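no FASTA, just this:
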């Protein structure tokens with residue numbers, strides 16, 4: 001772990017970070033901010049912690065030194081954050097460390113999950129007749145056409161008959177219910193089951 005080389009890279013990359021450059025010039029001026037100082041190596045420090053600029057993957061190198069290195073031991077999120085915060089700092093450090101630890105393949109292979117078990121999958125009911133069980137989904141963020149930017153797709157799960165309904169990205173549950181009455185209920189009645197990836201609360205409010 002070549003800490004001297006890392007600090008040299010941090011020092012050379014300070015001009016490439018707008019935040020670091022501004023604070024660095026302020027620290028060297030006659031009216032410095034007491035929160036931002038320069039240490040004996042000339043590195044920019046915030047509250048006596050070395051500021052790591054967002055350049056040349058320096059933040060990733062610091063994280064690898066404190067997490068992946070043979071002397072670090074692949075600690076969890078909290079311990080890794082504590083190790084880094086003893087010496088370094090940068091904006092969004094906590095979320096950066098959490099995302100890195102979650103993506104670490106070594107940790108995923110060696111550590112048992114501590115969360116509650118995932119819920120079991122629920123099998124969809126077998127349709128008894130046409131339009132008794134349907135699925136609904138949206139195709140959104142489409143180029144505007146005749147004032148519409150989305151398509152509501154209603155599929156009968158038994159016959160696979162499909163209805164395409166033009167709509168908008170900002171559609172609400174009452175507006176969805178109005179489209180449903182106009183295009184589905186008026187022709188096929190009320191289904192006994194609806195499948196949607198919008199969540200049970202959305203379907204419940206829609207009903």
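Done, it's in. If you're wondering where the values come from, they're calculated on a predicted model, not measured in any experiment.

Where does pLDDT dip in this protein?
For the chain, the stretches flagged by pLDDT under 70 are 1, 199-202.

So which residue is dead centre in it?
residue 99 (9.1 Å; Cα atoms, centre = their mean).

Backbone dihedrals for the spatially most distant residue from the centre of the chain, please?
The outermost residue of the chain relative to its centre, with distances by Cα atoms, centre = their mean, is residue 30 at 42.0 Å. Here is the backbone geometry of residue 30 (degrees, to the nearest 10): phi -80, psi -10.

follow-up on the earlier one: am I right that the residue nearest to the centre of the chain is in a helix?
Yes - assessed by DSSP: H, G, I helix; E, B strand; the rest coil, residue 99 belongs to a helix.

quick one, helices of this protein?
Along the chain, the stretches classed as helices by DSSP state H are 3-13, 18-28, 58-67, 77-85, 93-102, 105-110, 173-180, 186-188, 200-206.

so can I have TSV of these showing distance to residue 52?
Backbone N, C-alpha and C define where each C-beta goes, glycine included. Converted to TSV, the helices of the chain look like this (distance: least, Cβ to Cβ, whole Å):
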stretch	distance to residue 52
helix 3-13	6
helix 18-28	9
helix 58-67	5
helix 77-85	9
helix 93-102	9
helix 105-110	22
helix 173-180	47
helix 186-188	61
helix 200-206	42
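
Which one, of those, ends up nearest to residue 140?
Ranking the helices of the chain by proximity to residue 140 (Cβ to Cβ) places helix 173-180 first, at 13.1 Å.

and for the closest one, what are the contacting residues?
152, 154, 165, 167, 171, 202, 205, 206 (Cβ atoms under 8 Å, 6 or more residues apart in numbering).

repeat that for 10 Å
By Cβ atoms under 10 Å, 6 or more residues apart in numbering, the list of residues contacting helix 173-180 from outside reads 134, 136, 138, 152, 154, 163, 165-168, 171-172, 185-186, 190-191, 194, 196, 198, 201-207.

out of the residues you listed, which are buried?
134, 136, 138, 152, 154, 163, 165, 167, 171, 191, 194, 203, 206 (16 or more other Cβ atoms under 10 Å).

just these now: which is nearest residue 48?
Of the buried ones among the contacts of helix 173-180, the one sitting nearest to residue 48 (Cβ to Cβ) turns out to be residue 138, at 51.8 Å.

Show me what that closest one bridges to in the sheet.
Counting by DSSP bridges, residue 138 is bridged to residue 152.

Just to check, it is in contact with residue 150?
Yes - between residue 138 and residue 150 there is a contact at 5.6 Å, judged by Cβ atoms under 10 Å.
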